[in-house]
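J.: Below is the structure, and that's it, no one-letter string:
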């Protein structure tokens with residue numbers, strides 16, 4: 001638990017500091033485009049680094065959202081239609097459902113030209129995730145400790161107690177020892193190497209910061225920083241509470257996908273079904289917001305001097321969605337994508353690029369100033385995070401077989 005709190009605190013503070021650097025650089029550099037700042041700072045290399053990092057980061061985010069659709073939507077449909085035998089039913093195939101959802105609600109929203117119109121959908125998706133958090137907190141006080149669950153299972157098998165068969169077999173919960181209901185403050189295993197990249201990945205909003213800053217009414221750097229502080233604090237609190245109460249519900253038996261752990265224990269639960277619907281709505285409404293910076297980056301890289309064209313706008317949008325759908329359909333697990341993109345693109349967008357742009361473009365501050373020294377130290381931290389995380393992930397790939405499932 002302390003491990004999560006420490007990592008969340010550091011990553012959120014570092015991310016907020018990088019937003020400060022980015023906004024100050026945008027004001028000094030005279031551009032509100034991430035790629036343009038890269039071009040002004042380092043020429044074509046800087047522009048390609050910014051564009052490539054933005055594209056990688058957001059395609060990874062889109063893939064994670066569509067992975068949720070792929071694995072959760074069939075379960076929702078199955079529960080709503082009360083279907084037991086799913087053999088041969090195309091509408092319970094996650095790959096088909098991802099394609100259908102991408103074509104119906106996601107594509108029309110993604111074709112919107114301005115980001116401001118998507119503010120309402122973003123607000124709705126945030127409400128859905130807040131509902132998910134509330135349910136996670138409530139379930140902590142409703143689901144007994146795994147040791148007690150084992151007792152209930154044993155009593156059920158002996159016929160002395162009637163419990164839902166959704167309480168899974170003993171193989172689901174590894175409950176040997178007396179500490180299965182005791183929290184561990186620090187946990188280190190083969191999955192720990194993915195913690196920093198995944199947290200870094202989850203706090204990246206930097207490609208959308210400048211477009212939002214551009215459309216902010218009464219635009220000022222101070223006002224945008226206040227918006228960023230509130231947003232980062234809200235996300236920090238939601239991540240922390242979800243992780244804390246999810247862990248305190250299942251302890252060492254918690255799975256990588258928290259919703260799947262609840263399903264294993266509770267089976268068909270109405271409140272859990274509503275949560276699944278809320279999460280699905282949240283991710284579906286978030287995908288168009290994520291597409292915007294990818295499309296903006298690709299457009300600026302390839303057609304920066306040309307006037308707006310609906311044909312080009314639509315073609316880029318469809319191409320992005322098609323490529324992401326192929327990733328979701330053919331890549332078996334999202335964990336390695338999270339780790340790789342978090343260690344590379346996310347580290348670039350949070351640590352390396354904002355500090356490098358700041359050092360290069362903000363001329364009024366000397367190199368020996370506290371601000372420039374802080375930016376150089378931040379750049380050094382980014383290089384350490386990127387190289388260290390990538391090295392540990394590669395070592396994990398070499399020594400451990402990739403995890404299956406979702």
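T.: Received it, and whenever you're ready, just let me know what you need. A quick note: this is a predicted structure, and the numbers were derived from the prediction, not measured.

J.: Return the helix or strand in the protein with minimum mean pLDDT.
T.: Ranked by mean pLDDT, DSSP states H and E, the weakest helix or strand in the chain is helix 146-158, scoring a mean of 45.

J.: Beyond it, next helix or strand please.
T.: Of the helices and strands lying after helix 146-158 in sequence (DSSP states H and E), the nearest is helix 195-202.

J.: How about residue 50, nearest residue that isn't a chain neighbour?
T.: residue 38 (3.6 Å; Cβ to Cβ, 6 or more residues apart in numbering). For the C-beta atoms, the positions are set from N, CA and C on the backbone; glycine is no exception.

J.: Who are the contact partners of the one you found?
T.: 46-51, 353, 357 (Cβ atoms under 8 Å, 6 or more residues apart in numbering).

J.: Quick one: mean pLDDT for the host helix or strand of it?
T.: Using DSSP H and E, residue 38 falls within helix 34-81. Averaged across helix 34-81, the pLDDT comes to 89.

J.: ok, now stretch 106-118?
T.: pLDDT averaged over stretch 106-118 gives 79.

J.: One more: stretch 288-298?
T.: Per-residue pLDDT over stretch 288-298 has a mean of 83.

J.: So which residues make contact with that stretch?
T.: 33-35, 50-51, 54-55, 58-59, 61-62, 65, 106, 109-110, 112, 115, 118, 121-122, 207-208, 211, 313, 316-317, 320-321.

J.: what about this protein, any weak spots by pLDDT?
T.: Where the chain drops to pLDDT under 70, the residues are 1-2, 115-119, 121, 146-180, 185-193, 256, 267, 400-406.

J.: Find the residue at the geometric middle of it.
T.: The centroid of the chain falls nearest to residue 202 when counting by Cα atoms, centre = their mean (4.2 Å).

J.: Verify the stated contact: it with residue 238.
T.: No. Residue 202 is not in contact with residue 238 according to Cβ atoms under 8 Å; the separation is 10.4 Å.

J.: Is the nearest residue to residue 306 once chain neighbours are set aside within a helix or a strand, and which one?
T.: Nearest residue to residue 306 in three dimensions, chain neighbours excluded: residue 312, at 7.7 Å (Cβ to Cβ, 6+ apart). Using DSSP H and E, residue 312 sits in helix 310-330.

J.: got the angle between that helix and helix 34-81?
T.: If you take axes from the mean of the first three to the mean of the last three Cα atoms, to 10 degrees, helix 310-330 sits at 60 degrees to helix 34-81.

J.: residues of helix 310-330 that come out buried?
T.: For helix 310-330, burial by neighbour count (16 or more other Cβ atoms under 10 Å) applies to 312-313, 316-317, 320-321, 324-325, 327-328.

J.: Report the buried members of the contacts of residue 38.
T.: Buried by 16+ other Cβ under 10 Å: 46-47, 49-51, 353, 357, out of the contacts of residue 38.

J.: I'd like those laid out as TSV, including distance to residue 387.
T.: As requested, those are exported to TSV (distance: Cβ to Cβ, whole Å):
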residue	distance to residue 387
46	20
47	23
49	16
50	20
51	22
353	16
357	20
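
J.: farthest-separated two in the residues you listed?
T.: 51 and 357 (13.7 Å; Cβ to Cβ).

J.: mind listing what residue 9 touches?
T.: residue 236.

J.: Among the buried ones among the contacts of residue 38, which one lies nearest to residue 137?
T.: Of those, the one sitting nearest to residue 137 (Cβ to Cβ) turns out to be residue 353, at 36.5 Å.

J.: before we move on, which element is that closest one in?
T.: Residue 353 belongs to helix 353-361, assigned by DSSP H and E.

J.: List of residues touching that helix?
T.: Under Cβ under 8 Å, 6+ apart, the answer for helix 353-361 is 18-19, 21-22, 24-25, 28-29, 34, 37-38, 40-42, 46, 49-50, 53, 206, 367, 372, 375-376, 378-379, 382.

J.: tell me the angle that helix makes with helix 34-81.
T.: 170 degrees.

J.: what's the offset of helix 353-361 from the middle of its chain?
T.: 25 Å (Cα atoms, centre = their mean, to the nearest Å).

J.: what do you get for stretch 57-66?
T.: Distance, centroid of stretch 57-66 to centroid of chain: 8 Å (Cα atoms, centre = their mean).

J.: Stretch 197-205 too?
T.: 7 Å.

J.: Show residues contacting that stretch.
T.: Contact partners of stretch 197-205, identified using Cβ under 8 Å, 6+ apart, comprise 7-8, 11-12, 15, 19, 57, 60-61, 231-232, 235, 239, 338-343, 345-347, 349-350, 385, 389, 393.
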